[in-house]
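In: What shape does this take:
(4 chains)
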2 protein chains.
Amino acid sequence: MTAAMSHYDALDFGTIDRGTLPAQEHEGANVSVRDLTRLLHIDCPDEAWLARTAFALRRVREGESLVRAGDKFHSLYVVRSGCFKTVYTDLSGSEQVLGFPMSGDLMGADGIDSGHYGSTAISLDTSEVVIVPLASLARLVYECPRLEALLYRALSRELVRVQNMAWTLGTLGAEGRVAAFLLTLSARLGALGYSRCSFNLRMTRQEIGSYLGLKLETVSRALSALNSSRIIEVHQRSIDIVDADALRGVIDPAAGIAASIAPPLGSAVPESGAGNGKRARKPRPPFQPGIAWQQLAAA
Amino acid sequence: MTAAMSHYDALDFGTIDRGTLPAQEHEGANVSVRDLTRLLHIDCPDEAWLARTAFALRRVREGESLVRAGDKFHSLYVVRSGCFKTVYTDLSGSEQVLGFPMSGDLMGADGIDSGHYGSTAISLDTSEVVIVPLASLARLVYECPRLEALLYRALSRELVRVQNMAWTLGTLGAEGRVAAFLLTLSARLGALGYSRCSFNLRMTRQEIGSYLGLKLETVSRALSALNSSRIIEVHQRSIDIVDADALRGVIDPAAGIAASIAPPLGSAVPESGAGNGKRARKPRPPFQPGIAWQQLAAA
DNA sequence: CGGTAAGTTGAATCTAGTCAAGAAACGTGG
DNA sequence: CCACGTTTCTTGACTAGATTCAACTTACCG
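Out: Here you go, the predicted structure:
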């Protein structure tokens, strides 16, 4: 609990500000609060002075690490361009990929509580991140109460993402995991304005496997199988999603059918009811449809 | 994005306060901010007036659900006593357990961003939760800036917990998962003042299996195997951890040995170095030791 | 005391991992 | 531009580990 105290100091207003950041992180142009909220897809009050408050950018080259597990926590990062991987590394040297943050994603949030980053972030290509010192953000929120939700929502979103990951790992087999991975990636790229059905992977089979709790051979086999089924077309790192519904069907046959019937719903969750699925074969189906697969179905 | 706007309204100060909560949640005694921070193990400034601000309690009987996936988000909950399970439910009716929140754990955080809870929370025995309306908390933080870190840290902690879960599911086999589960449970109970090496499970094999991405038979077998190895003693739901180091060894043989040599480190992560592992067989071992297993080793 | 839910154990099956070989892409220097 | 080595990817055969199906035991609750 001593770590907690020293960490608390870092959050005390006026104690630490951008001026105390490592010098290396002062480079490139600045980004306004407006830009930041737009990047995070979080609504922001329309006050002119907010545009003046700015955050620094940092450029990270391919293979370079932005933060390392165990480093002292000082800032959050929001990806502005490029793609990262975040990894745990255990004693035996093997690593587990926890995520592939892309434009608009938050990194470093796992360091807030303990005061030390919990995972290492490595750039998969030349990337740019917005540096968000927690102290600055806290001050900003204090000055503009309507920003209160900003960080809460960003953290909550990250939490949902990881929970979905846990669901994927705990529930799906190899093909399902790969299908879920492709659909999620497709949806994220689509949200960024890129093609939803044709893209290039920026990570190796090894990294995908590590992320999905599979071996690289298994990932390769799963991709080949989906390729043979005419659901996707794979040529090395180039992916074409030929039949998105079929891909959803790989995750859950019932959901695949349901998704092809129901109009693709937006980001909002249906208010109630919607217990419209074909039929429940289990004795106790009193639950509302879950969220996990919807995130994938909404691709 | 329309959901985002309406959600934002809910966070606007003065718009919603405790008075607008569902009537059913106004029952039992109240809890002060001091109590809340103590429950969450988060440091709190020592201002007298904080003791006056209070949150309501709610009692949840065994089997009863506190919130359901898809319900409109209004409050966070901190468990004060008892034990819950949080579950996703997919279309086909099968459920996946995401966690077993106990005293001091936060629930409902996955609803902040979308405005709807992402998982259902069901009590495993008669439990009590502190109701923390986000709007109240936001106002509180505004009135007392030093509380800024409170929610950030609680959310960050939850994020780390789920990330560890993803690591467990992606990396470990059946026995390792069960061992990790027992060690984590042991550590949590220990932190609450209960015995670290002798306790009763409050969940079924089915629920444990769902949580760990295994079938109930596999959980049973893993427990039996650990029992045969004299590492634990199992009689139905009663667990005795006989050899905690050996249990850690099940997760990662190297870590088990290392843990028995090195003195059990506290919550703080070593500053640097400590790349002391036996030997690295991979060509590139420039990473610091990870966090995942340390959480377990620090039991 | 009987009925139901929960847990254990065994045998067969199936999925993903392991080991190994080979093919395709990439980068570098001649 | 091509030859070379390296990395990444694919595919096959075999093995280990988890699931499935099923029988049975043990606890729990009225």
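In: A:L57: neighbour count?
Out: The tally of other residues near A:L57 (other Cβ atoms under 10 Å in any protein chain shown) stands at 18. Glycine gets a C-beta too; all of them are placed from N, C-alpha and C.
In: what sits opposite it in the beta ladder?
Out: In this entry, A:L57 is beta-bridged to A:E27, A:V130, by DSSP bridges.
In: My read is that it contacts A:G82, right?
Out: No - between A:L57 and A:G82 there is no contact under Cβ atoms under 8 Å: 11.8 Å.
In: In chain A, where is pLDDT below threshold?
Out: For chain A, the stretches with pLDDT under 70 are A:1-29, A:92-93, A:253-299.
In: shared neighbours, A:L57 and A:G82?
Out: Jointly contacting A:L57 and A:G82 under the rule Cβ atoms under 8 Å, 6 or more residues apart in numbering or on different chains are A:E128.
In: What residues does A:I241 make contact with?
Out: Residues near A:I241 by Cβ under 8 Å, 6+ apart: A:182, A:186, A:196-198, A:231-232, A:247.
In: Okay, it and A:L185: tell me how far apart.
Out: 10 Å (Cβ to Cβ, to the nearest Å).
In: So what touches the host helix or strand of A:L223?
Out: Applying DSSP states H and E as the criterion places A:L223 in helix A:216-228. Here helix A:216-228 makes contact (Cβ under 8 Å, 6+ apart) with A:174-175, A:177-179, A:204-206, A:208-209, A:212, A:214, A:232-234, A:247, A:250.
In: Show the end-to-end separation of stretch A:184-202, please.
Out: End-to-end distance for stretch A:184-202: 14 Å, by Cα to Cα, to the nearest Å.
In: quick one: is it near chain B?
Out: No - Stretch A:184-202 stays clear of chain B (Cβ under 8 Å from any Cβ of the partner chain), getting no nearer than 11.5 Å.
In: Any buried residues in that stretch, and which?
Out: Under the neighbour-count criterion of 16 or more other Cβ atoms under 10 Å in any protein chain shown, stretch A:184-202 has A:184-189, A:196-197, A:199, A:201-202 buried.
In: possible to save the residues you listed as TSV with secondary structure and distance to DNA strand D?
Out: Formatted as TSV, the buried residues of stretch A:184-202 follow (DSSP: H, G, I helix; E, B strand; the rest coil; distance: Cβ to the nearest atom of the strand, whole Å):
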residue	secondary structure	distance to DNA strand D
A:T184	helix	18
A:L185	helix	14
A:S186	helix	18
A:A187	helix	21
A:R188	helix	19
A:L189	helix	17
A:R196	coil	21
A:C197	coil	18
A:F199	strand	14
A:L201	coil	7
A:R202	coil	9
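In: Considering the residues you listed, which is situated nearest to B:A138?
Out: Distance to B:A138, by Cβ to Cβ, is smallest for A:R188 among those, at 29.2 Å.
In: Now for that closest one: which residues touch it?
Out: A:M102.
In: go again using 6 Å as the cut-off
Out: Going by Cβ atoms under 6 Å, 6 or more residues apart in numbering or on different chains, A:R188 touches no other residue.
In: ok, now A:G99?
Out: A:G99 makes contact with A:T86, according to Cβ under 6 Å, 6+ apart.
In: is it in a bridge, and if so with what?
Out: With DSSP bridges as the rule, A:G99 is bridged to A:T86.
In: For A:D243, give me phi and psi.
Out: Dihedral pair for A:D243: phi -130, psi 90, per degrees, to the nearest 10.
In: Wait, it touches A:I231, no?
Out: Yes - using Cβ atoms under 6 Å, A:D243 is in contact with A:I231, at 5.1 Å.
In: more crowded one of these two?
Out: A:I231 (21 against 15).
In: Is the residue in the stretch 1-150 of chain A that DNA strand D sits nearest to in a helix, a strand, or coil?
Out: Nearest to DNA strand D in the stretch 1-150 of chain A, going by Cβ to the nearest atom of the strand, is A:G63, at a distance of 9.9 Å. Under the three-state scheme (DSSP: H, G, I helix; E, B strand; the rest coil), A:G63 adopts coil.
In: mind checking the backbone torsions on it?
Out: With angles defined as degrees, to the nearest 10, A:G63 sits at phi 90, psi -20.
In: That one and DNA strand C, how far apart?
Out: Remark: distance between A:G63 and DNA strand C (Cβ to the nearest atom of the strand, to the nearest Å) = 12 Å.
In: what are the ranges of the helices in chain A?
Out: With DSSP state H as the criterion, chain A has helices at A:2-11, A:33-39, A:134-143, A:149-171, A:174-191, A:205-212, A:216-228, A:244-251, A:253-261, A:292-297.
In: I'd like those laid out as TSV, including distance to A:S94.
Out: Supplementary listing: those in TSV, determined by distance: least, Cβ to Cβ, whole Å:
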stretch	distance to A:S94
helix A:2-11	27
helix A:33-39	33
helix A:134-143	31
helix A:149-171	16
helix A:174-191	19
helix A:205-212	8
helix A:216-228	13
helix A:244-251	27
helix A:253-261	33
helix A:292-297	27
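In: Next up, the contacts around the residue of the stretch 1-150 of chain A found nearest DNA strand C.
Out: For the stretch 1-150 of chain A, the residue closest to DNA strand C is A:E62, as judged by Cβ to the nearest atom of the strand, at 9.7 Å. Counting by Cβ under 6 Å, 6+ apart, A:E62 touches A:123, A:125-126.
In: quick one, domains of chain A?
Out: Annotated domains of chain A cover A:2-147, A:172-267+A:289-297 [automatic domain parsing].
In: now the ones you listed in a markdown table, with distance to B:T218?
Out: Listed next are those as a markdown table, based on distance: least, Cβ to Cβ, whole Å:
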| stretch | distance to B:T218 |
| --- | --- |
| domain A:2-147 | 21 |
| domain A:172-267+A:289-297 | 15 |
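In: Now do the contacts for A:A54.
Out: A:A54 neighbours (Cβ under 6 Å, 6+ apart): A:30, A:32.
In: just to revisit the earlier point, of the contacts of helix A:216-228, buried ones?
Out: Counted by 16+ other Cβ under 10 Å, the contacts of helix A:216-228 give A:174-175, A:177-179, A:205, A:208-209, A:212, A:214, A:232, A:234, A:247, A:250 as buried.
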